[in-house]
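[1] Give me a 3D structure for the following:
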Amino acid sequence: MKNKICLDTGIVTQFYSENTPESILQLMKSVLDVKVEAYILAPILIEIFYHICVLRGKQSAETTVATFLNKYPVKLVNLDQTLIYKAGRLKCQHRNTLSYNDCYAIAYSLNNKLILHTTEKQLKEILPNLKIVKHSFA
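    The predicted model follows:
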């Protein structure tokens, strides 16, 4: 059985940056080779677009997001009522610590028993029942 994972913003943004950490290169190779089943929430793509747009401009952001979606067999997840409620409860409980996008990715990972691949530092302390793999942010 393949591992099922959820990708956060930092993973994809770092993947398309200079000096990509080796752990992220290996992770994305395993996604490309379909050795893992990867999920990403639609709002995460907005944040990825934003970060790349700030660094390299709108055209680069459009090209990067399109390339990512066309090349990598990730499953794009839209928000549904269950996910909205779970993410909303997380945001309410951890309003000063977690972003909305963190809450979406965490809620989806918890609801579907996925491993969240993240660059966030504090998640294990806040949510000990969340399965995470933390990658260093270069």
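[2] contacts, neighbours, all on C-alpha from now
    OK.
[3] Distance of Met28 relative to Leu130?
    Taken as CA to CA, to the nearest Å, the spacing of Met28 relative to Leu130 amounts to 21 Å.
[4] Likewise for Cys103?
    Plainly put, Cys103 is 12 Å away from Leu130 if you go by CA to CA.
[5] Those two: which is more packed in?
    Neighbours per residue, other CA atoms under 10 Å: of Cys103 and Leu130, the larger number sits with Cys103, 22 against 18.
[6] so the more buried one touches Gln93, yeah?
    No. With the criterion set as CA atoms under 8 Å, Cys103 and Gln93 do not qualify as a contacting pair; they are 10.3 Å apart.
[7] Identify the contacts common to these two.
    Any residue near both Cys103 and Gln93 by CA atoms under 8 Å, 6 or more residues apart in numbering counts here, and not one turns up.
[8] contacts for the lowest-mean-pLDDT helix or strand in the chain?
    One helix or strand of the chain scores below all others by mean pLDDT, DSSP states H and E: helix 123-126, with a mean of 76. When contacts are taken as CA under 8 Å, 6+ apart, the neighbours of helix 123-126 outside the stretch itself are Leu130, Ile132.
[9] can you list contacts of the next helix or strand after it?
    Proceeding N to C from helix 123-126, the next assigned helix or strand is strand 132-134, under DSSP states H and E. Residues lying outside strand 132-134 but in contact with it, judged by CA under 8 Å, 6+ apart, are Ile115, Leu116, His117, Thr118, Thr119, Glu120, Lys121, Lys124.
[10] Please point out which parts of strand 132-134 sit buried.
    Within strand 132-134, the residues that qualify as buried are Ile132, Lys134, counting by 16 or more other CA atoms under 10 Å.
[11] Adjacent strands (with direction) for that strand?
    Partner strands and pairing direction for strand 132-134 (DSSP bridges) are strand 115-118 (parallel).
[12] Could you pull out the strands in this protein for me?
    Secondary structure of the chain, counting by DSSP state E: strands at 3-7, 36-41, 75-77, 115-118, 132-134.
[13] on that earlier part again, tell me the one among the contacts of strand 132-134 nearest to Cys53.
    When those are compared for distance to Cys53 (CA to CA), Thr119 comes out closest, at 19.6 Å.
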